[in-house]
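Trainee: Fold the following and give me the result.
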Amino acid sequence: MKFINFAVVKFSVCLTLGILTAHFFPFPSVSFLEIILPIIILLGLFWWFTRNALQPTVFFGIITYICFFALGYFNYQERLPSHNPNHYSNILLENEDPEILQLKISEILKPDTYNQKYLATVKAVNKISSEGILLLSIVKDSLFEDLKIDQVLVVSAKPIPINKPQNPGQFDYSKYMKTLGVYDQIRIANDEIILNTNGSSTLRGKAEQTRNFLLNKLEKTKLSLDERAIIQALVLGQRRDISKELYQSYAAAGAIHILAVSGLHVGILYIILLFLLKPLHYIRYGKTVQIILVLLFLWCFAFVTGLSPSVTRAVTMFSLFAFAGLLKRRTSSINTLFLSFFILLLVNPLWLFHVGFQLSYLAVFFILWVQPKLYRYYVPKNKVTKLLWSIFTVTIAAQLGIIPLSLFYFHQFPGLFFITNLVVLPVLSILLGGGLLVILLAVLNILPDFIVLPYNWMVAQLNAFIKWVAAQDAFLFTDIPFSEGKVVGSYLLIITIILFWKKGNFKTAALSLASIILLLGIFVWDKKETATHELVIFQKSRQTLIGYKNNATLLVFSNDTIFKYQYTYPLKSYKTAKNIKTISKEKIPAIFNYRSKKLIVLDSLGIYPKNVKPEWLLLTYSPKVNLPRILDSLQPLQVIADGSNYKSYVYRWQATCIKNKIPFHYTGEKGAYVLK
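Mentor: Next comes the predicted model:
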C-alpha cells in the first residue's frame with residue numbers, strides 16, 4: 001500500500017457513504033444549496049484562518065469529510081424525480097386518462113417472449129418540455145420494424161409503476177430499474193404509436209449504428225452461429241444472439257464475465273496496446289505518443305461496443321491509469337483506482353448500485369492489494385509457469401473480492417472457476433485481438449478463409465471446454481442463501497484476515513477473531529430469522545400453487561403431476577431466499593388447518609363443506625358458483641383468488657366482495673398471499 005494518497009481513499013469513502021445515506025434515508029424537503037453551500041463556506045473560513053499552520057486542524061479535517069459526505073448525499077438526491085420539477089412525473093395529470101408523450105429511444109433492451117423493450121427519454125408531456133426515462137414495452141409484431149436508438153415516438157399512454165415482485169424471494173425488477181433512473185413504464189401496441197420519426201443523432205446513437213454495421217459484416221463471414229454470437233459478445237458487447245443453453249453453460253463454468261464487455265476486456269486490450277506500441281519509446285516523445293494512441297484506441301473500442309455504461313466506466317478507469325503513467329509521478333495504482341471511482345460517482349451516483357460497477361471495482365482493488373504478495377510466494381522458472389502462476393494468483397485475488405457479492409446476487413459458486421480462468425484468460429487475449437482483426441478485415445471485405453476458419457475453430461474449442469466444465473455438476477454449488485448481513489460480515493472477515501496476513505500483529509489478529517465471531521453471529525441470526533412457519537398462496541399464471549413452510553422444510557400443494565417444483569418459478573427463488581433444505585409435494589386438500597384456523601379451497605367443481613366457518617376462502621380454477629350465496633353461508637373473513645382464474649371472474653368476485661364489505665385479494669395484482 002506504499003505511496004497511496006489516503007486522502008483520495010477517504011474522500012471516496014465519504015462520498016460513497018453520502019450516496020448510500022441519501023438512497024436509504026432521503027430528505028425530500030432539503031435542497032443542495034441549503035446544506036452544501038454553508039459547509040463549503042465554513043470549510044473556506046477554516047482554511048483561511050489556519051492557512052499558516054504547519055498541519056491542518058482536526059476540525060478542518062472533520063469539516064472536509066462532512067463536505068464530501070454532503071456532496072455524495074445531494075449529488076444523489078438532486079437526481080431524484082421529487083427534486084426535479086421538469087421530471088415527467090411532476091407534469092403528468094392526476095387522472096387515469098392517457099397522456100400525449102414524446103419519447104426518444106435511448107437504449108435497446110433484451111426482449112421478452114411477447115414484447116420488444118427499450119429505454120426511452122421523455123422529451124415532452126402534453127407538449128410541455130420534460131425529462132426522465134421510461135421503460136417502453138411494445139407488443140411484438142412481425143410487420144413492425146424494431147426501433148433504433150434516437151428514433152422519436154409520439155404515443156398516447158399513461159405511465160404506470162414498474163411491477164413489484166409477485167412472490168417472496170423473487171428478483172425485484174423495479175428496484176433494478178431504479179438504479180438506471182427508471183421509475184415507470186408504458187406498454188403499447190404498434191397501432192398506438194401516433195408518430196414515428198428519426199430524431200437528432202446522439203453520440204450513443206452513432207455508436208449503435210456503427211456496431212450494427214459491424215454486426216452485419218460479421219453475419220456475412222463463415223463464422224458458425226454459436227461462435228459468431230460469442231465473438232459479438234466478446235468484441236462488440238452484443239449478447240442477444242447467444243443461445244440460452246450456451247449462456248447457462250458459461251454461467252455454470254464461472255466464465256460469464258467474459259461475455260460482458262467490461263474492465264477485463266478493456267484491461268486486456270490496454271496491455272496488448274501498450275505492448276504493441278512499446279517501440280515508440282525509442283523516438284522522441286515516444287511514450288507520450290504511445291499513451292495518446294492507447295487512449296484513442298480504447299475510446300474507439302468503447303465507441304464500437306455501443307458506449308454502454310460498463311465499457312465507458314472501464315475505459316475511463318484505464319484512461320486514468322494511462323494518464324498517471326504519462327505524468328511520471330510516484331503514485332499507487334490503488335490511488336488511481338479510487339480517483340476513477342470518485343470521478344465516476346460524481347458523474348453518476350446511481351452507478352454505485354450497478355452490479356457490474358461493484359464487481360469490477362472490487363475485483364480490481366483486490367487484485368492490486370492482494371496479488372503482488374501472493375505472487376511472491378512462488379518464483380516460476382520459465383515463462384509458461386510464470387504465466388500460469390500469474391493467472392492463478394490474479395484469479396484467486398479477484399475471487400476473494402467478489403465471492404460475497406456474487407453469492408448475494410447470483411446464489412451460486414462455480415467450484416472449477418480457477419480451472420476455467422487458467423484456460424479462458426490466456427485464450428481471451430488471443431480471441432479479443434483476433435476478433436478485432438477479423439472485424440477489421442470483414443469491414444474491408446478482405447477476410448481470407450485461412451484466418452476466419454482457424455479463428456472459428458478456436459472459439460468452438462472454447463465453447464466445448466466451457467460446456468464440459470459446466471457439465472461437472474458436482475462442482476457447481478447452487479441455491480446458496482446469502483443475506484446482506486452475510487455480505488458485510490464476509491467482507492469484514494476477508495479484509496481483517498488479509499491485514500493480519502500482511503502485518504501479523506496482535507491488533508490485526510484481534511480484528512480477525514472479532515470478524516469471525518461477528519460472521520458466526522450473523523449466520524446464527526439469519527438461521528433464526530428463516531426458521532419460521534408460513535402458508536403461502538403463490539401467484540402463478542393458470543395454476544394453483546400453495547406452500548407450507550415449516551422451518552427449513554417446504555411442503556408444496558399442487559394438482560399438476562408434471563410440475564417440477566424444485567427448479568421452476570416461483571419456488572426456486574423462494575427456496576433460496578428462505579433457506580429451504582427439503583421440499584416435498586402433495587395434492588391440494590379441500591380444507592387447510594393452519595394455526596387453529598381454516599382455509600377452504602374452492603376449485604372448478606364448486607364443492608365446499610357446508611358446516612365450516614373458515615377465516616379464508618381461496619377461489620381456484622374459475623369455479624362457476626353463486627358467490628353471494630357462498631359468502632352468506634361460509635362467512636369468510638378474507639376471500640383470495642389466485643392466478644388460475646379467468647380475470648373476468650376475478651373482477652366480478654371483487655365487486656361482490658366490495659359490496660359485502662369482505663376483503664378481497666387477487667394474487668395477479670397484489671402478489672402472493674402469505675399467512676404468518
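Trainee: for this protein, which spans come out with low pLDDT?
Mentor: Along the chain, segments meeting pLDDT under 70 span 1-5, 28-40, 42-60, 327-331, 561-567.
Trainee: Please repeat the previous calculation with a cut-off of 50.
Mentor: Residues of the chain that meet the criterion pLDDT under 50 lie in 1-3.
Trainee: that's a helix at residue 63, yeah?
Mentor: Yes: counting by DSSP: H, G, I helix; E, B strand; the rest coil, residue 63 is found in a helix.
Trainee: got a list of what residue 623 touches?
Mentor: 602-606 (C-beta atoms under 8 Å, 6 or more residues apart in numbering). C-beta coordinates here come from the backbone N, C-alpha and C atoms, glycine included.
Trainee: Most neighbours among those residues, which one?
Mentor: Using other C-beta atoms under 10 Å as the neighbour test, the contacts of residue 623 are led by residue 602, with 21 neighbours.
Trainee: I'd say that residue and residue 626 touch.
Mentor: No: look at residue 602 against residue 626 with C-beta atoms under 8 Å: they stay out of range, at 11.7 Å.
Trainee: Which one of the contacts of residue 623 is nearest to residue 580?
Mentor: If you rank the contacts of residue 623 by distance to residue 580 using C-beta to C-beta, residue 603 comes first, at 26.3 Å.
Trainee: residue contacts, that closest one?
Mentor: Here residue 603 is in contact with 544, 588, 620-621, 623 (criterion: C-beta under 8 Å, 6+ apart).
Trainee: one more time with 10 Å, if that's ok
Mentor: 544, 559, 588, 590, 618-623, 644 (C-beta atoms under 10 Å, 6 or more residues apart in numbering).
Trainee: What distance do you get for it to residue 355?
Mentor: 42 Å (C-beta to C-beta, to the nearest Å).
Trainee: can you check residue 411 too?
Mentor: Taking C-beta to C-beta, one finds residue 411 at 13 Å from residue 355.
Trainee: cool, and residue 546?
Mentor: Distance from residue 546 to residue 355, counting by C-beta to C-beta: 33 Å.
Trainee: And those two? Which one has more around it.
Mentor: Neighbours per residue, other C-beta under 10 Å: of residue 546 and residue 355, the larger number sits with residue 546, 24 against 15.
Trainee: circling back to that earlier point, which one of the contacts of residue 603 sits closest to residue 225?
Mentor: residue 644 (38.9 Å).
Trainee: what about that closest one, neighbour count?
Mentor: Neighbour count of residue 644, defined by other C-beta under 10 Å: 21.
Trainee: The one 4 residues further on now?
Mentor: Residues contacting residue 648 under the criterion other C-beta under 10 Å number 9.
Trainee: ok, it touching residue 624?
Mentor: No: look at residue 648 against residue 624 with C-beta atoms under 10 Å: they stay out of range, at 11.9 Å.
Trainee: Quote the end-to-end distance of stretch 549-557.
Mentor: Terminal residues of stretch 549-557 are spaced 11 Å apart (C-alpha to C-alpha, to the nearest Å).
Trainee: thinking again about what came up before, who wins for most neighbours among the contacts of residue 603?
Mentor: Most surrounded of the contacts of residue 603: other C-beta under 10 Å gives residue 619, at 26 neighbours.
Trainee: now the nearest residue to it once chain neighbours are set aside: how far from residue 663?
Mentor: Distances taken as C-beta to C-beta, 6 or more residues apart in numbering place residue 641 nearest to residue 619, at 4.6 Å, with adjacent residues excluded. From residue 641 across to residue 663, the span is 12 Å (C-beta to C-beta).
Trainee: So for the two, which sits in the more crowded spot?
Mentor: Applying other C-beta under 10 Å to residue 641 and residue 663 shows that residue 641 carries more neighbours, namely 28 against 12.
Trainee: which residues does that one contact?
Mentor: Applying C-beta under 10 Å, 6+ apart, the residues near residue 641 are 537, 602, 617-620, 622, 647, 649-651, 653-654, 657, 664-669, 673.
Trainee: Mark which of the residues you listed are part of strands, please.
Mentor: 537, 602, 617-619, 664-666, 673 (DSSP state E).
Trainee: Quick one: these as TSV, columns for distance to residue 446 too.
Mentor: As requested, the ones in strands among the contacts of residue 641 are exported to TSV (distance: C-beta to C-beta, whole Å):
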residue	distance to residue 446
537	64
602	72
617	73
618	68
619	68
664	69
665	66
666	62
673	64
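Trainee: one step back: any of the contacts of residue 641 buried? List them.
Mentor: By neighbour count, with 16 or more other C-beta atoms under 10 Å, the contacts of residue 641 hold 537, 602, 617-620, 622, 649-650, 653-654, 657, 664-668, 673 as buried.
Trainee: Look up how far residue 138 lies from the residue nearest to residue 144 when sequence neighbours are not counted.
Mentor: Using C-beta to C-beta, 6+ apart and skipping the chain neighbours, the partner closest in space to residue 144 is residue 190 (4.5 Å). Per C-beta to C-beta, residue 190 is found 7 Å from residue 138.
Trainee: Over to residue 103?
Mentor: 11 Å.
Trainee: buried set for stretch 461-480?
Mentor: Counting neighbours by 16+ other C-beta under 10 Å, stretch 461-480 gives 462-463, 465-467, 469-470, 475-476 as buried.
Trainee: Spell out which residues make up each domain of the chain.
Mentor: Using automatic domain parsing, the domain parsing of the chain gives 6-78, 88-200, 354-415, 484-530, 533-675.
Trainee: Next, show the common contact partners of residue 641 and residue 663.
Mentor: Residues touching both residue 641 and residue 663 by C-beta under 10 Å, 6+ apart: residue 657.
Trainee: quick one: the helices in the stretch 351-500 of the chain?
Mentor: 355-375, 383-410, 417-443, 449-470, 484-503 (DSSP state H, counting those that start in this stretch).
Trainee: Mind putting those into a markdown table with distance to residue 186?
Mentor: Shown next, in a markdown table, are these (distance: least, C-beta to C-beta, whole Å):
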| stretch | distance to residue 186 |
| --- | --- |
| helix 355-375 | 26 |
| helix 383-410 | 28 |
| helix 417-443 | 36 |
| helix 449-470 | 38 |
| helix 484-503 | 32 |
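Trainee: For residue 572, which of these is the nearest?
Mentor: Of the helices of the stretch 351-500 of the chain, nearest to residue 572 by C-beta to C-beta is helix 383-410, at 12.8 Å.
Trainee: Thank you, goodbye.
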